[in-house]
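Asker: attaching a predicted model along with its sequence, questions to come.
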Amino acid sequence: MPNVNIYSQTVRVSWRLFRIFTAILIDTWEEAFLDKPSQNMNPYVRWELFIIGCVFLGITMSIDTQLHWLVLLPLMSIYLILTAIIGYEPLYFLIQRMGGYLHKHLSLRKLLSIPDRTATVK
């Protein structure tokens, strides 16, 4: 009988630890990958950047010969992994801002250059 009590107590403790561990993982996941105002990427893009950065690091670590231009892979992987963790990519933000500015000003010029045909039709 004491073995059954020890077994049931072990199961209870391990189940409690499992629930605590999963709660911590879920909270960490939500904290890291929930959309926030300071983030400009969705979770799928962030996972893609993280995986690509890890692959770049793996390629660099697995080559035994001279790397030549592959020396740049760790630098690119650091950028990709950090932007994936933070959730904010400054280059993407810059391209969005420039695109918005150009769209706003170029579309305004197009509207001003179109002649008003309704005034001539009677």
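Answerer: Okay, I see it. Residues are numbered from 1 along each chain as shown.
Asker: what about residue 87, neighbour count?
Answerer: By the measure other C-beta atoms under 10 Å, the count of residues near residue 87 is 20. (Glycine included, C-beta is placed from N, CA and C.)
Asker: now residue 86
Answerer: Residues lying near residue 86 (other C-beta under 10 Å) number 14.
Asker: quick one, grab the pLDDT at it.
Answerer: You'll see residue 86 listed with a pLDDT of 85.
Asker: and for residue 81?
Answerer: With respect to pLDDT, residue 81 has a value of 92.
Asker: residues touching the spatially closest residue to it that is not a sequence neighbour, list them.
Answerer: Distance criterion C-beta to C-beta, 6 or more residues apart in numbering; nearest residue to residue 81, sequence neighbours excluded, is residue 53 at 3.8 Å. Each residue near residue 53 by C-beta atoms under 8 Å, 6 or more residues apart in numbering is listed here: 76-81, 84.
Asker: what about 7 Å?
Answerer: Going by C-beta atoms under 7 Å, 6 or more residues apart in numbering, residue 53 touches 77, 80-81, 84.
Asker: what's the neighbour count on residue 41?
Answerer: Neighbour tally, residue 41, other C-beta under 10 Å: 20.
Asker: which of the three states applies to it?
Answerer: What DSSP: H, G, I helix; E, B strand; the rest coil gives for residue 41 is coil.
Asker: mind checking how far it is from residue 67?
Answerer: Residue 41 is 29 Å from residue 67, where distance means C-beta to C-beta, to the nearest Å.
Asker: ok, residue 87 next?
Answerer: Distance, residue 87 to residue 67, by C-beta to C-beta: 30 Å.
Asker: swap in residue 51?
Answerer: For residue 51, the distance to residue 67 (C-beta to C-beta) stands at 21 Å.
Asker: please identify which helix or strand holds the closest residue to residue 59 other than its chain neighbours.
Answerer: Nearest non-adjacent residue to residue 59, counting by C-beta to C-beta, 6+ apart: residue 73, 6.0 Å away. Assigned by DSSP states H and E, residue 73 falls within helix 72-86.
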